[in-house]
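Enquirer: Just a sequence and a predicted model for now, questions to come.
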Amino acid sequence: MTMRHKVFVSYHHDNDQKYREKFESICEDRIVSWSVEMGDIDEYLKDETIWQKIRDEYLRESTVTVILIGEKTWQRKFIDWEISASIRDTEKNPRSGLLGILLPTHPDYNNDNYNKCIVPPRFYDNCKCDYAKLYDWSNNPETIQNWIHGAFLRRDSGTPDNSYPRFKGDRRNEGWC
């Protein structure tokens, strides 16, 4: 059996809560999972303070960050910040592995190709440099565990790309590119 990883789950709270719950149910015996919950962080704090809280308080012990990617996930400021904080290597917190799972609600779910403009841009950059991988939703816990373990191994063998400008707010347009 593969080791049990500490997984941070990033997702669009309003649209994809049921998939987060299902993901954790499928993997409950295979991972230790947590997320930032609605109301956990005061949204009126300075941006830099929020970003640092995400890294130091929520991602501190994670080894892998899983992005559940639904139809509007790419638009969310806090998802961009969670990806950015996850792949940042600091003295207190080593970077996490990164993987994305396209949800059945995403327009490109079960397609051979996906439109890069409707996945989080920072995540896409990390797929391009092979730091992250993107998969379609699965109900198979062994499959998901293998994806997570692969992301864990890549965190030390690759170099993430954190160069995309950090979101200042949620996006409302049709795509980022």
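Expert: Arrived safely, thanks for sending.
Enquirer: Now do the residue lying closest to residue 109 once chain neighbours are set aside, the pLDDT please.
Expert: In space, and not counting its chain neighbours, residue 109 is closest to residue 102: 4.9 Å by C-beta to C-beta, 6 or more residues apart in numbering. (C-beta placed from N, C-alpha, C; glycine too.) What the model reports for residue 102 is a pLDDT of 98.
Enquirer: Sort out which residues of the helix or strand where residue 153 lies are buried, please.
Expert: Using DSSP states H and E, the element containing residue 153 is helix 141-157. For helix 141-157, burial by neighbour count (16 or more other C-beta atoms under 10 Å) applies to 141, 144-145, 147-149, 151-152, 154-155.
Enquirer: How about the secondary structure of the spatially most central residue of the chain?
Expert: Nearest to the mean C-alpha position of the chain, counting by C-alpha atoms, centre = their mean, stands residue 67 at 2.7 Å. Residue 67 falls in the strand class when you classify it by DSSP: H, G, I helix; E, B strand; the rest coil.
Enquirer: ok, it - contacts?
Expert: Counting by C-beta atoms under 8 Å, 6 or more residues apart in numbering, residue 67 touches 10-11, 73, 79, 82-83, 98-101, 120, 123.
Enquirer: rewinding a little: okay, now the residue nearest to residue 109: neighbour count?
Expert: Residue neighbour count, defined by other C-beta atoms under 10 Å, stands at 22 for residue 102.
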